[in-house]
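Trainee: Sharing a model prediction with you, sequence too.
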Amino acid sequence: MTPTPNTLAAPDWAVTMFSFTNELIRGERTPLQLVEALLDAQVTDQIEIDAPQHFVSYPRINATEASELRRLMERRQARLSILGIYNDAGSRKDYRFTLDQAEAYLADQIRAASEMGFRATRIMFGVDAPLLKRIAVHAESYGLPVLQEVQGVIRPDSPEFVRQIETLDQIGSDKLGFVFDLSACMAGLPVTYLESLRREGIPTNVVTYLEQAWHTEPAARVQERLERLTADLNLNAATMARLGMPFGRFGHSQVSDWREHLGRFSAIHLKYWDLFDEDHRVSKPIADLRREFGAINYKGIVTSEWGGHEWSSPEDGTPIEMSLGHRALYDASLFATD
C-alpha cells in the first residue's frame, strides 16, 4: 500500500497505564514510578491514566496525589491525555445511586481531571440519557470532553449505539463524544488468547472451532455449540469466562462500517492483545483505521492499549516491551496488505 497525504500519522501518540495493570496490582512500584519508567523508555510523552488504578484517594482524588502527578509531568515535559473515570452507580447489589448522587460522583472526577491538566475523560459506554444531560453541564463548565468508549461487539447498527447517537444529538453538547476502540474491528482472535485456552485445558478441536467460527457464524450458534463441546470438561468459572470473551470483548466489524460516524470520535484506542501478526490479524485493522481516520483528517489522540496482560506469559514481554513493539507495528502497518 502506498502512503497518501491523508493517512493518519498519530501526532498525539499516547500509552495508557491500563497496559500496566498487572504491575499496578503487584504494587512493587508505585503508579508514579511506573509512569516514569514508561517515560524513561521514550515510548511516548503522553500518558493516559485509569483513575481507580492510579489514585489511592479515588474517587475524591486528593490534592497531594494530584500535585504529585502534575509535578512529575511538568518535570518530564510530558502531557496527560485522558483520564478514565467511572460511574459506579450499579456496583453494589443492595444500593444504587440516585441521579443526583451519580452526577456528583462524576462531577468530582471531571473536576479533578481538569485541575490535573487532562485533555479529556473516558467513561464506559452506555451512560443513561438523564445522567449524560447532567454530565454535559460539568463537561462544558470545565471545558473537558467526556467520551464514552465504543468497543468489543458494539457495531454501528447496534441498538444501544443508535440510541446513544440520538441522545447526544438531542443534548447538543460538543463536550460529549466517543472513543473508538479497535477491539470492535478485530481481523482474528489473538494468538496468545487461543494459546491460553489450550493451557487451561480446552481441547484443540474446540479452540480451532472457535477461531474459525467466531467471525463466520452467528454468535448465539457458536456459543451454543461451545457449551455442548465443553459440557463434560468440568471447567471452572474463570476458564468458562475466558472462553466467552469473544462474544463480549472481541468485535469483528470493519472500520469502514463506521464511516458515517467517524467524525463523532474524539479519541482512538488502538486496543491490541499481542503482537503475533499472522495473516495481518493485528496490523490490518490498524492500517484500515489509519486510512479511514486519515481520510477525515483526524487530529485527536491515538492511544496504545495492551489488553493481553490478562493471560500473557512472562516470555510474551513486559508492558514497556509490548508498547514499543506496538508502536513499531503501527508504523509498519502503513504497508499492510488487504
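Mentor: Right, received. Where do you want to start?

Trainee: So this protein: which segments form each domain?
Mentor: Taking automatic domain parsing as the domain assignment, the record places the domains of the chain at 12-188+250-335, 196-242.

Trainee: Could you check which helix or strand contains the nearest residue to S253 once chain neighbours are set aside?
Mentor: Sequence neighbours aside, R155 is the residue nearest to S253 in space, at 4.9 Å (criterion: C-beta to C-beta, 6 or more residues apart in numbering). The way it works is simple: take the backbone N, C-alpha and C, and place the C-beta from them, glycine included. When secondary structure is defined using DSSP states H and E, no element contains R155, which sits outside every helix and strand.

Trainee: when you give positions from now on, start the count at 563
Mentor: In the new count, where the first residue is 563, that last one comes out as R717.

Trainee: wouldn't R717 be in contact with A781 here?
Mentor: No - with contact defined as C-beta atoms under 8 Å, R717 and A781 do not form a contacting pair (11.5 Å).

Trainee: quick one on the thing from earlier: out of the domains of the chain, deepest packed?
Mentor: Of the domains of the chain, the one with the most neighbours on average (mean count of other C-beta atoms under 10 Å) is domain 574-750+812-897, at a mean of 18.

Trainee: Doesn't S828 belong to a strand?
Mentor: Yes - under DSSP: H, G, I helix; E, B strand; the rest coil, S828 falls within a strand.

Trainee: could you list every residue that touches it?
Mentor: A682, P707, L709, G739, F740, V741, G862, I863 (C-beta atoms under 8 Å, 6 or more residues apart in numbering).

Trainee: got it, and P808?
Mentor: Taking C-beta under 8 Å, 6+ apart as the definition of contact, the neighbours of P808 are L751, L772, W776.

Trainee: 10 Å instead?
Mentor: With contacts defined as C-beta atoms under 10 Å, 6 or more residues apart in numbering, the neighbours of P808 are 714-715, 748, 751-752, 755, 772-773, 775-777, 781, 784-785, 788, 814.

Trainee: of those, the lowest pLDDT goes to which?
Mentor: When these are compared on pLDDT, H777 comes out lowest, with 90.

Trainee: so that residue touches L751, yeah?
Mentor: Yes - with contact defined as C-beta atoms under 10 Å, H777 counts as touching L751 (8.5 Å).

Trainee: Give the intersection of the neighbour lists for these two.
Mentor: The contact sets of H777 and L751 overlap at P808, F812, H814 (C-beta under 10 Å, 6+ apart).

Trainee: Could you tell me which of the contacts of S828 are located in strands?
Mentor: Among the contacts of S828, the subset assigned to strands under DSSP state E consists of A682, L709, G739, F740, V741, I863.

Trainee: wait, doesn't the last one sit right on G739?
Mentor: No - at 11.9 Å, I863 and G739 do not qualify as touching, with contact defined as C-beta under 10 Å.

Trainee: Find residues that contact each of these two.
Mentor: Counting by C-beta under 10 Å, 6+ apart, the common neighbours of I863 and G739 are A682, L709, S828, A829.

Trainee: Could you dump those into JSON lines with pLDDT added?
Mentor: Putting the shared contacts of I863 and G739 into JSON lines (pLDDT from 0 to 100) gives the following:
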{"residue": "A682", "pLDDT": "98"}
{"residue": "L709", "pLDDT": "98"}
{"residue": "S828", "pLDDT": "95"}
{"residue": "A829", "pLDDT": "97"}
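
Trainee: Which of those sits closest to T583?
Mentor: The shortest distance between T583 and any of the shared contacts of I863 and G739, using C-beta to C-beta, involves A829 and amounts to 19.6 Å.

Trainee: quick one: the closest one and G862, what's the gap?
Mentor: Distance of A829 to G862, computed by C-beta to C-beta, to the nearest Å: 5 Å.

Trainee: Common neighbours of those two, please.
Mentor: Taking C-beta under 10 Å, 6+ apart as the contact rule, A829 and G862 both touch D574, S643, R681, A682, P707, L709, G739, V741, F742.

Trainee: pLDDT check: weakest of those?
Mentor: When it comes to pLDDT, D574 is the least confident member of the shared contacts of A829 and G862, at 84.

Trainee: For the spatially closest residue to W873 that is not a sequence neighbour, what is the enclosing helix or strand?
Mentor: Closest residue to W873 apart from its sequence neighbours, by C-beta to C-beta, 6+ apart: S758 at 3.8 Å. Element membership of S758 [criterion: DSSP H and E] is helix 753-761.

Trainee: Please put the alpha-carbon coordinates of that helix into PDB.
Mentor: Only the C-alpha atoms of helix 753-761 are listed here, as PDB (Å, rounded to 0.1, in the frame of the first residue of the first chain):
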ATOM      1  CA  VAL A 753      -2.800 -15.900  19.100                       C
ATOM      2  CA  THR A 754      -1.900 -15.700  22.700                       C
ATOM      3  CA  TYR A 755      -5.600 -15.800  23.700                       C
ATOM      4  CA  LEU A 756      -6.000 -19.100  21.800                       C
ATOM      5  CA  GLU A 757      -2.900 -20.500  23.400                       C
ATOM      6  CA  SER A 758      -4.200 -19.600  26.900                       C
ATOM      7  CA  LEU A 759      -7.400 -21.600  26.200                       C
ATOM      8  CA  ARG A 760      -5.300 -24.600  25.400                       C
ATOM      9  CA  ARG A 761      -3.200 -24.100  28.500                       C
END
